[in-house]
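1. Generate coordinates for the sequence data below:
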Amino acid sequence: MAVSNFTFLTVDGTGRPSDPSSRAAIRSRCMKGVNVRQDSRRSKRKAKKTKERNDEVIRTNIQDISVTNRQQLAHASLSGSLPTEMRMSIDDIGFDSSVLPPSVLPMVMRCNTILDTIYPLEQTVNAQTRWTGNLLLVYHDKSILNALNMASSAVTDLTINTHLSSKTQQLLCNMLSTLNQGLHQAVKQQSPTTVLTILILLFTAEAMQDFDAMGMHLEGIGRLLIIRDRLPTGWDAKLLFKIQQFDLRLALATGRPLRLALEYPYSTIPTTGTSNILDKLDVSSLTVTETFQNLQALTQHVTESMHFGISLIWEDVQPQISTIQTQLLNLEESDLSDMEEALRLGILGFLTTLSLSPIRRLHLSRFCSQLETSYTVQYSNKAFGIWLVMMGLLSTVDVSNHVVRDMWDKTIDAGLTWVDARDTMVADKLPWVGFIHDEPAKKVFHRLQASRSPRESSQESLIDF
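-> Numbers count the residues shown, from 1 in each chain. Have a look, this model is predicted:
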């Protein structure tokens, strides 16, 4: 029978709980059978039955997915449609596909559709390449099959309800059991399977808004990382980026420090062309200036990669993003001017848009309060004001927020069109990635313009370009 709740405990390097009061709970709930001889006939029979039950759960759930896949996709409110067939034979990948159940293919395709929603930067990679990559993972490590199945099932559950179904809970139990067993082996502590499993656990905890569980998982990641002069080595850069996105959102939601505060030494890469937006905003902070310039270079790299259909160089992208968010969150608000603080918040908001949720947007309460305070400041540059509002609305602020509405009505011309607003931001080289920001920003822009108060909509803008 699946348990109805989970308790996450902090342990030391030997696996013992840090809190003595937790030991009794572990003995009664989690440590049954530990002292049984592993080579006894009873232990072997028990292990065989457990394996048969787990295999049956996985087989049953895979069959369920093949029947209900499209209904689940609709519940998840995903924008993309599920591909009906693959453009190449699985056998062309280079392994015997007969070892995999036929229904694995639609399950992997569904997971890739979900990933397209969560990580828009994945759209720079050929979709077929991602399908084959995940199929290879499933082929080489069957525990990945259970992990992907749990992720797909969790999306369906949490879109409809606020809790996991018994089926998803059973899959989660299997994941946790497999993960705990693997963590006792040094070779598996930094394997892609382990990292992907923890990533899916983070996704589930965030969807349930369980910040304590998120913190525990991130602390575990920190212990697994090989740190040398505060730099991780040996980890896949793209997976590390995805994990650090959870760390960023948790820090913005709670005000707690980053668990993975990693800075990388790199030189600022100048963007093509020049922008005097920093002079217009009177920014003097060296840290804010450097992070802004590096974000400009990053957005240029992402835009060009999408345009030419080239995969992102994650070994360059991840260190830039990690360093930017670490440096900005280490700044003291009291050391910055109102304009510098607004730019800092805008950049952090931009970084949160690099990964989304297929279920519901997480409310970053502390970050939202900081943005609301920033929206009460009078800005002399209209392009920056529009950009700051867009980054807030795309990250955490609700479009109906009265502070946003007041600022918008007072500073933005009622006759301003979306095309002109976007061109203004792009002309000042404010960070913007078209295939990520254009559509959602256009929608919130039109909602703001359509909901202007009658008194303000008849007035001219108080601020000129």
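
2. Going by C-alpha atoms from here, please, whenever you check contacts or count neighbours.
-> Will do.

3. how does the chain divide up, domain by domain?
-> If you go by automatic domain parsing, the domain ranges for the chain are 41-254, 277-457.

4. can you give me the helices for the stretch 151-300 of the chain?
-> Ranges of helices in the stretch 151-300 of the chain, per DSSP state H, counting those that start in this stretch, are 166-183, 192-207, 211-224, 237-254, 277-280, 286-308.

5. between the first one and helix 211-224, what angle do the directions make?
-> For helix 166-183 against helix 211-224, the angle between stretch directions is 20 degrees (axes from the mean of the first three to the mean of the last three CA atoms, to 10 degrees).

6. and helix 166-183, what other elements does it pack with?
-> helix 41-75, helix 142-160, helix 192-207 (3 or more CA pairs under 8 Å, 6 or more residues apart in numbering; DSSP states H and E).

7. Now the weakest link among the ones you listed, please, by mean pLDDT.
-> The weakest mean pLDDT among the helices and strands packed on helix 166-183 belongs to helix 41-75, with a mean of 53.

8. for stretch 425-435, which positions count as buried?
-> 425, 428-433 (16 or more other CA atoms under 10 Å).

9. Just put these in TSV and tack on secondary structure, distance to residue 172 and pLDDT.
-> Below are the buried residues of stretch 425-435 laid out as TSV (DSSP: H, G, I helix; E, B strand; the rest coil; distance: CA to CA, whole Å; pLDDT from 0 to 100):
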residue	secondary structure	distance to residue 172	pLDDT
425	helix	44	96
428	coil	47	93
429	coil	45	92
430	coil	42	95
431	coil	38	96
432	coil	37	96
433	coil	35	94
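
10. State the pair within these that is farthest apart.
-> 428 and 433 (13.9 Å; CA to CA).

11. how about residue 264, what does it touch?
-> 231, 319-320, 322-323 (CA atoms under 8 Å, 6 or more residues apart in numbering).

12. Same question for residue 417.
-> Contact analysis of residue 417 by CA under 8 Å, 6+ apart lists nothing.

13. Please report the distance of it from residue 424.
-> Between residue 417 and residue 424 the computed distance is 11 Å (CA to CA, to the nearest Å).

14. How about residue 114?
-> Applying CA to CA to residue 114 and residue 424 gives a distance of 33 Å.

15. Same check on residue 214?
-> 39 Å.

16. now swap in residue 396 and tell me
-> From residue 396 to residue 424 the distance is 23 Å (CA to CA).

17. In terms of neighbours, single out the busier of these two.
-> Between residue 396 and residue 424, counting by other CA atoms under 10 Å, residue 396 is the more crowded of the two (21 against 18).

18. Could you pull up the residues touching the more buried one?
-> So residue 396 contacts 361-364, 367-368 (CA under 8 Å, 6+ apart).

19. can you check residue 364 too?
-> Residue 364 neighbours (CA under 8 Å, 6+ apart): 249-250, 252-254, 396.

20. Is it possible to get a markdown table of the buried residues of stretch 425-435 that adds distance to residue 378?
-> Shown next, in a markdown table, are the buried residues of stretch 425-435 (distance: CA to CA, whole Å):
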| residue | distance to residue 378 |
| --- | --- |
| 425 | 18 |
| 428 | 19 |
| 429 | 21 |
| 430 | 19 |
| 431 | 21 |
| 432 | 23 |
| 433 | 26 |
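
21. Of those residues, which is the nearest to residue 342?
-> residue 430 (13.1 Å).

22. Quick check: the closest one vs residue 202, distance?
-> For residue 430 relative to residue 202 (CA to CA), the value is 31 Å.

23. same thing with residue 142?
-> In terms of CA to CA, residue 142 sits 20 Å off from residue 202.

24. neighbour count winner among these two?
-> For residue 142 versus residue 202, the count of surrounding residues by other CA under 10 Å is larger for residue 202: 23 against 14.

25. Would you agree the more buried one is in contact with residue 247?
-> No - with contact defined as CA atoms under 8 Å, residue 202 does not reach residue 247; the gap is 9.5 Å.

26. Could I get the pLDDT score of residue 24?
-> The score at residue 24 is 66. That number is its pLDDT.

27. Kindly report the same for residue 20.
-> 65.

28. same question, residue 309
-> 79.

29. Roughly how far does the residue lying closest to residue 302 once chain neighbours are set aside sit from residue 300?
-> What sits nearest to residue 302 in space, not counting adjacent residues and going by CA to CA, 6 or more residues apart in numbering, is residue 312, at 6.9 Å. Distance of residue 312 to residue 300, computed by CA to CA: 11 Å.

30. Compare these two (neighbour count), which wins?
-> Using other CA under 10 Å, the more surrounded residue of residue 312 and residue 300 is residue 312, with 21 against 17.

31. Quick check: which ranges of the stretch 351-465 of the chain have low pLDDT?
-> When residues are selected by pLDDT under 70, those of the stretch 351-465 of the chain lie in 454-465.

32. can you give me the helices in it?
-> Using DSSP H, counting those that start in this stretch, helices in the stretch 351-465 of the chain cover 365-375, 382-395, 402-411, 418-427, 434-450, 454-457.

33. Residue 191 is nearest to which of those helices?
-> helix 434-450 (30.4 Å).

34. Name the residues of the closest one that are buried.
-> Residues 436-437, 441-442, 444-445, 448-449 are the ones in helix 434-450 that count as buried (16+ other CA under 10 Å).

35. End to end on stretch 368-383, go ahead and measure it.
-> Span of stretch 368-383 from end to end, CA to CA: 21 Å.

36. Using a markdown table, lay out the buried residues of helix 434-450 together with distance to residue 158.
-> Below are the buried residues of helix 434-450 laid out as a markdown table (distance: CA to CA, whole Å):
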| residue | distance to residue 158 |
| --- | --- |
| 436 | 24 |
| 437 | 25 |
| 441 | 26 |
| 442 | 28 |
| 444 | 25 |
| 445 | 29 |
| 448 | 29 |
| 449 | 33 |
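
37. so which pair among these is furthest apart in space?
-> Within those, two members stand farthest from each other by CA to CA: 436 and 449, at 21.3 Å.

38. before we move on, back to that, sort out which one of the contacts of residue 396 lies nearest residue 45 for me.
-> Comparing these against residue 45 with CA to CA places residue 362 closest, at 45.1 Å.

39. How about the contacts made by the closest one?
-> Residue 362 neighbours (CA under 8 Å, 6+ apart): 206-207, 209, 396.

40. now do 10 Å
-> 206-209, 249-250, 253, 356, 395-396 (CA atoms under 10 Å, 6 or more residues apart in numbering).

41. Kindly present the contacts of residue 364 as TSV, with separate columns for distance to residue 261.
-> Listed next are the contacts of residue 364 as TSV, based on distance: CA to CA, whole Å:
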residue	distance to residue 261
249	13
250	13
252	13
253	16
254	16
396	22
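
42. quick one: which of these is nearest to residue 170?
-> residue 250 (26.4 Å).

43. What pLDDT does the model give the residue lying closest to the closest one once chain neighbours are set aside?
-> Closest residue in space to residue 250, ignoring its immediate chain neighbours: residue 211 at 7.0 Å, by CA to CA, 6+ apart. For residue 211, the model assigns a pLDDT of 91.

44. my guess is residue 211 meets residue 254, correct?
-> Yes - Residue 211 lies in contact with residue 254 (CA atoms under 10 Å); the separation is 8.4 Å.
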